[in-house]
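**Q** Pasting the sequence and the predicted model now:
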Protein chains: 2
Amino acid sequence: MPRKVDSRERREQLADALMRLAGARGLDGVSLRQVAAEAGVSTGMVQHYFRTKDEMMTFAFEMVTDRIRTRSQSATAPETPRELVRGLLLEILPLDEPRRLENHVVLAFLAYAAVKPSIATGSRKTAGGMRTFVADQLRAAGTGGADAERAAAGLLALVDGLGLQLLLRRCSEEDAIATLDHHLASLFGRP
Amino acid sequence: MPRKVDSRERREQLADALMRLAGARGLDGVSLRQVAAEAGVSTGMVQHYFRTKDEMMTFAFEMVTDRIRTRSQSATAPETPRELVRGLLLEILPLDEPRRLENHVVLAFLAYAAVKPSIATGSRKTAGGMRTFVADQLRAAGTGGADAERAAAGLLALVDGLGLQLLLRRCSEEDAIATLDHHLASLFGRP
DNA sequence: GACATGACGATACAGGTGCAATGTAAAGTG
DNA sequence: CACTTTACATTGCACCTGTATCGTCATGTC
């Protein structure tokens, strides 16, 4: 065996370069050579770690969704169900520049995934998990009742929509938070 | 002056070919030659009507948003504000194949627009108009109160999110409608 | 030390890309 | 009639794309 390299880490730093490109020029600007140049390595190295471009894309997408998911979960301070859900959702929304970039990349991948559904199977599972979690919290708060699943789906759809509006600069960060809180108030009652 | 051609119509049929491609293979599959082939014309003709690819993309995007807008507006039968808003939103959601294709293209363009904001200015105006319209209907129904604008923004964000879920096949058409009706019930009360 | 294997770098290739240049036919105007 | 303008078609060019291939170290095992 020759010298051992942490291939996972190498792949992640290549995927990071990919994200920077996608954030700046969109997924069209992502090519093997561009990624290699952005990462400061040769195209051969990129090929070594990703045998095909699709493999690279899939890995980068899963990395981004993983990061968002773990970050959302780590933000769970021991609070009321309401604050817990609110914290989770606020973590998802692109309210600052790094998260803007992340969601930006996610959006590009979603458009990609709408054509190549195989790439989105992982994120589908993540989304399902989040919905049941939110539904559980709603039930724990004694709200939503039998329609907790429905209410959770609506809440998450609202957040997705707000994220879109934010990315397209159709509303300000404050507007998005206010709209979210308005909806939360209709679910949980006044704070 | 030589023979006159309805250039608007020609451009629209080229943009139609573009939409078919984008729906089938995504925006990456859209090139001048591909559009020409799909429309059954020469690449020179495409170049004649769109001096640059960006011009073609922008036109196609505006055409799609225009269609969605006019279709939504034309679906206004004289009913209650609630049914009026519901009809409008149901017209926006990708609930059948042609609308799936439309929203599919819109999604691709939104990802494109997040990088090139100039392309999204038109759609921003459309979105603003829809929000004030929905807010007016909420006020007419005597609901929402002082937060009619907030409630309208939330409702439209929810629909955007539901549209995304539908495109990614994360929920069924029935689920989306049920979630929408659930939210409408919380706004207007029981039907 | 022999040698297999992993980690790259360099290069080549076939094909696609946007765009520019050029040509040509037709229809209008004077 | 001449002449201009539009509406295309054809061709070519420089560039970029994903991928395959070959070469070269370096590092491990035996």
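**A** Structure's in. What do you need?
**Q** CA only for contacts and neighbour counts going forward, please
**A** Will do.
**Q** Which secondary structure elements does the lowest-mean-pLDDT helix or strand in chain A sit against?
**A** Lowest on mean pLDDT, DSSP states H and E among the helices and strands of chain A sits helix A:97-115, with a mean of 85. Applying 3 or more C-alpha pairs under 8 Å, 6 or more residues apart in numbering or on different chains; DSSP states H and E, one finds that helix A:97-115 makes contact with helix A:7-25, helix A:53-74, helix A:148-167, helix B:7-25, helix B:97-115.
**Q** so where's chain A shaky on pLDDT?
**A** A:1-4, A:76, A:144-145, A:191 (pLDDT under 70).
**Q** so the least confident helix or strand of chain A versus helix A:148-167, what angle?
**A** Angle of helix A:97-115 versus helix A:148-167, following axes from the mean of the first three to the mean of the last three C-alpha atoms, to 10 degrees, is 110 degrees.
**Q** Which positions within helix A:97-115 qualify as buried?
**A** Residues A:100-115 are the ones in helix A:97-115 that count as buried (16 or more other C-alpha atoms under 10 Å in any protein chain shown).
**Q** Of those residues, which are in range of DNA strand C?
**A** The subset of the buried residues of helix A:97-115 within reach of DNA strand C, by C-alpha under 7 Å from any atom of the strand, is empty.
**Q** so which pair among those is furthest apart in space?
**A** Across the buried residues of helix A:97-115, the longest distance by C-alpha to C-alpha is 23.2 Å; it joins A:Arg100 and A:Val115.
**Q** before we move on, the earlier item: got JSON lines for the helices and strands packed on helix A:97-115, with distance to DNA strand D too?
**A** Formatted as JSON lines, those follow (distance: least, C-alpha to the nearest atom of the strand, whole Å):
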{"stretch": "helix A:7-25", "distance to DNA strand D": "11"}
{"stretch": "helix A:53-74", "distance to DNA strand D": "4"}
{"stretch": "helix A:148-167", "distance to DNA strand D": "25"}
{"stretch": "helix B:7-25", "distance to DNA strand D": "6"}
{"stretch": "helix B:97-115", "distance to DNA strand D": "16"}
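**Q** for the ones you listed, which one sits closest to A:Ala135?
**A** helix A:148-167 (5.1 Å).
**Q** Can that closest one be said to contact chain B?
**A** Yes: Helix A:148-167 is in contact with chain B by C-alpha under 8 Å from any C-alpha of the partner chain, via A:150-151, A:153-162, A:164-165, A:167.
**Q** before we move on, what about stretch A:87-95?
**A** No: Stretch A:87-95 is not in contact with chain B by C-alpha under 8 Å from any C-alpha; minimum separation 12.7 Å.
**Q** Tell me which residues are up against that stretch.
**A** Contact partners of stretch A:87-95, identified using C-alpha atoms under 8 Å, 6 or more residues apart in numbering or on different chains, comprise A:68, A:71-73, A:75-76, A:99-103, A:159-160, A:162-163, A:166-167, A:173, A:177.
**Q** again, only this time at 7 Å
**A** A:68, A:72, A:75, A:100, A:103, A:159, A:163, A:166, A:173 (C-alpha atoms under 7 Å, 6 or more residues apart in numbering or on different chains).
**Q** Check the residues you listed for burial and list the buried ones.
**A** Here, 16+ other C-alpha under 10 Å leaves A:68, A:72, A:100, A:103, A:159, A:163, A:166, A:173 buried among these.
**Q** Excluding residues flanking it in the chain, which one is nearest the first one?
**A** Beyond its immediate neighbours in the sequence, the residue positioned closest to A:Ile68 (C-alpha to C-alpha, 6 or more residues apart in numbering or on different chains) is A:Ile92, lying 6.9 Å away.
**Q** Count the neighbours of that neighbour for me.
**A** Neighbour count for A:Ile92, taken as other C-alpha atoms under 10 Å in any protein chain shown: 21.
**Q** same deal with A:Gly142?
**A** A:Gly142, neighbours per other C-alpha under 10 Å, totals 12.
**Q** Repeat that for A:Ser74.
**A** A:Ser74: 11 neighbours (other C-alpha under 10 Å).
**Q** go on, the one 4 residues further on?
**A** The number of residues packed around A:Pro78, counting by other C-alpha under 10 Å, is 8.
**Q** A:Leu18 too?
**A** Using other C-alpha under 10 Å: A:Leu18 sits among 27 other residues.
**Q** Look up how far A:Arg124 lies from A:Ala135.
**A** For A:Ala135, the distance to A:Arg124 equals 17 Å [C-alpha to C-alpha, to the nearest Å].
**Q** whoops, I mixed them up, A:Val134
**A** Separation of A:Val134 from A:Arg124 (C-alpha to C-alpha): 16 Å.
**Q** Please apply the same query to A:Thr43.
**A** Taking C-alpha to C-alpha, one finds A:Thr43 at 32 Å from A:Arg124.
**Q** Next: A:Pro117.
**A** For A:Pro117, the distance to A:Arg124 equals 10 Å [C-alpha to C-alpha].
**Q** Identify each buried residue in the helix or strand following the least confident helix or strand of chain A, please.
**A** As assigned by DSSP states H and E, the chain's next helix or strand after helix A:97-115 is helix A:121-140. For helix A:121-140, the neighbour count (16+ other C-alpha under 10 Å) marks A:123, A:127, A:130-131, A:134-139 as buried.
**Q** could you dump the residues you listed to a markdown table with distance to chain B?
**A** Listed next are the buried residues of helix A:121-140 as a markdown table, based on distance: C-alpha to the nearest C-alpha, whole Å:
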| residue | distance to chain B |
| --- | --- |
| A:Ser123 | 10 |
| A:Ala127 | 8 |
| A:Met130 | 13 |
| A:Arg131 | 11 |
| A:Val134 | 15 |
| A:Ala135 | 13 |
| A:Asp136 | 17 |
| A:Gln137 | 18 |
| A:Leu138 | 15 |
| A:Arg139 | 16 |
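**Q** Great, nothing more from me.
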